[in-house]
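starting from these lines, generate the structure:
(chains A and B)
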Amino acid sequence: MKNPLDSITGTIVAGVILTIIILALLENFLNT
Amino acid sequence: MDFIFAGATDIYAGLMRFFHVIAGVAWIGLLYYFNFVQVPALKNAAADGTGAGITKHVAPLALLWFRWAALATWLSGAALLGGNFAAAFLLQTGYEAIGIGSWLGTIMLFNVWALIWPNQQKILGMKKATDDEKTKARRVALLASRTNVMLSIPMLLLMTNGLSHKALLHI
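Now for the predicted structure:
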């Protein structure tokens, strides 16, 4: 599998996915 | 002229936040410049042998501002957290979002000083390196830089919505 960080598009998509994961973590698993 | 009546603590926090944003714009602005402009431009320049101007005159100066802006951003952010520094980094109640943002910023600062800068010094010839070492340095520096672009997306969301404005987070 190609490393997504090898392209700008892959990097931004990876960043957006990471953002969604962090938001889900914040809203569901941390005491917020 | 309400600021005249603000307390010293508010003025300090306001100035620190202002400086934090300016330093952050310089840091992340240069990060995006490297990734969105300089890297693709150097690839094109390699084709006709015109990249020397960038590597000799632009890159070292951009890296100078980049790494010190990164440090200034982190320090002003830490100063802004003040007494809440530990609460943020320990993800205590109410500080989870800004805490994760702070950790992301800290990882990014580490990438700048421990991975990007030392490897860029080899790539740009500021530090002696063999061709093999330069090839490896290029890969490490690129991946560290791209990692920072990736991390900047959640980091900026959490910085802008993680503490005083939480509309996007429902927390």
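
element containing residue B:11?
Using DSSP states H and E, residue B:11 sits within helix B:8-32.

which residues sit against the helix or strand just after that helix?
The element immediately downstream of helix B:8-32 (helix or strand, assigned by DSSP H and E) is helix B:39-48. Helix B:39-48 is contacted from outside by A:8, B:51, B:54-55, B:142, B:145, using CB atoms under 8 Å, 6 or more residues apart in numbering or on different chains. Quick note: C-beta positions are derived from backbone N, CA and C, even for glycine.

hmm, try it at 6 Å
Residues outside helix B:39-48 that contact it (CB atoms under 6 Å, 6 or more residues apart in numbering or on different chains): B:51, B:54.

also stretch B:13-24?
B:69, B:72-73, B:76-77, B:79-80.

could you rerun that using 10 Å?
B:3, B:6-7, B:68-82, B:105, B:152, B:155-156, B:159-160, B:164 (CB atoms under 10 Å, 6 or more residues apart in numbering or on different chains).

near chain A, list only the ones from those residues.
Residues of the contacts of stretch B:13-24 in contact with chain A (CB under 10 Å from any CB of the partner chain): B:152, B:155-156.

give me the pLDDT for residue B:57.
Per-residue confidence (pLDDT) for residue B:57: 94.

what distance do you get for residue B:35 to chain A?
Noted for residue B:35: a distance of 7 Å to chain A, by CB to the nearest CB, to the nearest Å.

got a list of what that residue touches?
So residue B:35 contacts A:5, A:8, A:11-12, B:142, B:145-146, B:148-149, B:152 (CB under 10 Å, 6+ apart).

and for residue B:102?
By CB under 10 Å, 6+ apart, the neighbours of residue B:102 are B:74, B:77-78, B:81, B:84-85, B:88-89, B:91, B:95, B:155, B:158-159, B:162-163.

quick revisit: list buried residues within the ones next to chain A among the contacts of stretch B:13-24.
Listed as buried from these are B:152, B:155-156; burial here means 16 or more other CB atoms under 10 Å in any protein chain shown.

keep only those of those residues that are in helices.
Using DSSP state H, the members of these that fall within helices are B:152, B:155-156.

what's the closest of those to residue B:100?
Checking these against residue B:100 with CB to CB, the nearest one is residue B:155 at 8.6 Å.

so which bits of chain A are right by chain B?
Going by CB under 10 Å from any CB, the residues of chain A near chain B are A:3-8, A:10-23, A:25-27, A:29-32.
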